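> I would like to see how this sequence folds:
(chains A and B)
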Amino acid sequence: MHEYLATHPLAFETCLALVSSVAGAFGALLGLGGGFILIPFLTLVMGVHIKYAIGASLVSVIATSSGAAAAYVRERMTNVRVAIFMELGTTLGALTGVAVASFIAVSGLYLLFSVLLGWSAYAMLRRREDTGALREVPPDSLSDRLRLHSEYPGGKNREMIPYRVTRAKLGLLLMYLAGCVSALLGIGSGILKVPAMDQAMRIPIKVSSATSNFMIGVTTATSAGIYFMRGDIIPGLAGPVAFGVLIGSQLGSRLLGRWSGRTIRIIFVIILVVVSIQMGVKGVRSFE
Amino acid sequence: MSDHSNDLRLERWLSVLLRGGVGVSLLLLLIGMLINYSTTQSWIPATDLNSLLSGASNLRSDPPKNLAEFAYGFSALQSLNFVQGAILILILLPGFRVAFLFGSFLRQRDWIFSLFAFLVLGFMSAGVLFYAARISPERF
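Numbering: from 1, shown residues only, chains lettered A, B, ... in the order given. Here you go, the predicted model:
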């Protein structure tokens, strides 16, 4: 199979577009981007060098973000005000991460974030699902002042459910850390953004996922631009990836409205556990 | 106009911008694919593909340097230019999205969120400059 694909560009591009559509669908559904499927597929299954796999993955994150956001914003699933406020933290965090990368030993960070992600998975699993009524959250004057509260089509018949946002300052701090860590460790920041919005700011899981989707494109655009200018984005990889992901993200954005918050939460928790284990293994190996 | 209707209007236009960008990008990708299927062109030559799938790390694909080069590639129906154009639009779209939000918040006289959007744009630009400074000039 691998040998056949290596000598038939069109077959390879078609196969890659199909895998990317699955990555796009899950990326859009969970607010993660799709790199968590594409990078292992390209490097472990297809034998592509990590540099080009990352380039293709950056394109997939941006394509998922824009493809899904087009639908989510129209459906009022994305909280645009929360997104722009939180982007302050993630973009500044990413800058900080890049700036301090050469001064920090990341091996300890891998282990720390492995534990944190494991804890996030546990906390997310324990959290109760939205019942449809306006949930009580601790009052937060900053969220009130910035008018971060909103509503989303989360009812059984997609009727609008109001929700209130809380702990905006803590959310901003967590987004700063998410941006910093994703730049330092090279992991997608969606895996940290969704739990931060879900747990700290008490934003419904569907809104957290859609808002994360909106934000990841902005966080990724800078590095994608650099990869593109450097010539490290190979069109034979990035083209089929972009095509597949754009189609898949449309599908994923439809599923978000139909699937229950609990289902999305369980899938997200599984991915959190897998990434937590991966980071733990990396952390232990880096000490060897 | 109330805050709520302002927000609705902003979201409607933002969705139009995103759908427009995604639509143009998809269209360019489709044209590129059609050219590939109907001619002998490919987004990656067979020899490069073989190297790529063997773990090679010395491949490069320089994008057109300016709009004139893009225009020439489009008029010559070079499928590579179509896919590079599509990728470039996707990469620029998040920046356009934040710039659009900046303009919209300014128009609404929402000074705090105008400042937030402006700062995000600033951080994004600083990121580009920071990376660019770390890359040797001959790579551009």
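> list the contacts of residue A:204.
When contacts are counted by C-beta atoms under 8 Å, 6 or more residues apart in numbering or on different chains, residue A:204 touches A:130, A:152, A:154, A:161, A:163, A:198, A:261. The C-beta positions use only the backbone N, C-alpha and C, and glycine is treated the same way.
> just the helices in chain B please.
B:3-38, B:46-52, B:67-75, B:79-107, B:111-134 (DSSP state H).
> so where's chain B shaky on pLDDT?
Scanning chain B for pLDDT under 70 picks out B:1, B:134-140.
> residue A:162: neighbour count?
12 (other C-beta atoms under 10 Å in any protein chain shown).
> hang on, isn't it packed against residue A:149?
Yes: if you go by C-beta atoms under 8 Å, residue A:162 and residue A:149 touch, sitting 7.2 Å apart.
> which part of chain A gets nearest to chain B, residue-wise?
Among all residues of chain A, residue A:236 sits closest to chain B, at 2.4 Å; criterion: C-beta to the nearest C-beta.
> that residue: what secondary structure?
What DSSP: H, G, I helix; E, B strand; the rest coil gives for residue A:236 is helix.
> what's the most buried one of the helices of chain B?
Ranked by mean neighbour count under mean count of other C-beta atoms under 10 Å in any protein chain shown, the helices of chain B are led by helix B:79-107, which reaches a mean of 23.
> could you look up the SS state of residue A:198?
Applying three-state DSSP: residue A:198 is helix.
> element containing the residue lying closest to it once chain neighbours are set aside, please.
In this structure, residue A:198 finds its nearest non-sequential neighbour in residue A:208, 4.6 Å apart by C-beta to C-beta, 6 or more residues apart in numbering or on different chains. Using DSSP states H and E, residue A:208 falls within helix A:205-230.
> also residue A:147?
Residue A:147 is part of no helix or strand when elements are defined by DSSP H and E.
> quick one: residues contacting it.
A:81, B:3.
> quick one, phi psi at it?
Main-chain dihedrals, residue A:147, degrees, to the nearest 10: phi 50, psi 50.
> next one: residue A:150
When quoted as degrees, to the nearest 10, the phi and psi of residue A:150 stand at phi -160, psi -160.
> that one and residue A:161 touch, don't they?
No: with contact defined as C-beta under 8 Å, residue A:150 and residue A:161 do not form a contacting pair (10.0 Å).
> list the buried residues for the helix holding residue A:208?
Judged by neighbour count using 16 or more other C-beta atoms under 10 Å in any protein chain shown, the buried positions of helix A:205-230 are A:205-230.
> and if you look at stretch A:145-153?
A:146, A:148-152.
> likewise for stretch A:247-262?
By neighbour count on 16+ other C-beta under 10 Å, the buried set for stretch A:247-262 is A:247-254, A:256-257, A:261.
> just the helices in the stretch 101-250 of chain A please.
Taking DSSP state H, counting those that start in this stretch to define them, one finds helices in the stretch 101-250 of chain A at A:107-126, A:141-145, A:168-185, A:190-195, A:205-230, A:235-258.
> and the third one, C-alpha only, in PDB?
This points to helix A:168-185. Provided in PDB are the C-alpha atoms of helix A:168-185 (Å, rounded to 0.1, in the frame of the first residue of the first chain):
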ATOM      1  CA  ALA A 168     -12.700  35.900  33.200                       C
ATOM      2  CA  LYS A 169      -9.400  36.800  34.700                       C
ATOM      3  CA  LEU A 170      -8.500  33.200  35.500                       C
ATOM      4  CA  GLY A 171      -9.600  32.200  32.000                       C
ATOM      5  CA  LEU A 172      -7.300  34.800  30.500                       C
ATOM      6  CA  LEU A 173      -4.400  33.600  32.600                       C
ATOM      7  CA  LEU A 174      -5.100  30.000  31.600                       C
ATOM      8  CA  MET A 175      -5.200  31.000  27.900                       C
ATOM      9  CA  TYR A 176      -1.800  32.800  28.400                       C
ATOM     10  CA  LEU A 177      -0.400  29.600  29.800                       C
ATOM     11  CA  ALA A 178      -2.000  27.500  27.000                       C
ATOM     12  CA  GLY A 179      -0.400  29.700  24.400                       C
ATOM     13  CA  CYS A 180       2.900  29.500  26.200                       C
ATOM     14  CA  VAL A 181       2.900  25.800  26.700                       C
ATOM     15  CA  SER A 182       1.700  25.000  23.100                       C
ATOM     16  CA  ALA A 183       4.700  27.100  21.800                       C
ATOM     17  CA  LEU A 184       7.100  25.400  24.200                       C
ATOM     18  CA  LEU A 185       6.000  21.800  23.800                       C
END
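> tell me the phi and psi of the residue in chain B that chain A sits nearest to?
As assessed by C-beta to the nearest C-beta, chain A sits closest to residue B:44 within chain B, at 2.4 Å. The phi/psi pair for residue B:44 (degrees, to the nearest 10) reads phi -150, psi 130.
> re earlier: need the buried residues of stretch A:247-262 in TSV with distance to residue A:8, can you?
Below are the buried residues of stretch A:247-262 laid out as TSV (distance: C-beta to C-beta, whole Å):
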residue	distance to residue A:8
A:247	22
A:248	23
A:249	27
A:250	28
A:251	27
A:252	29
A:253	32
A:254	32
A:256	35
A:257	38
A:261	43
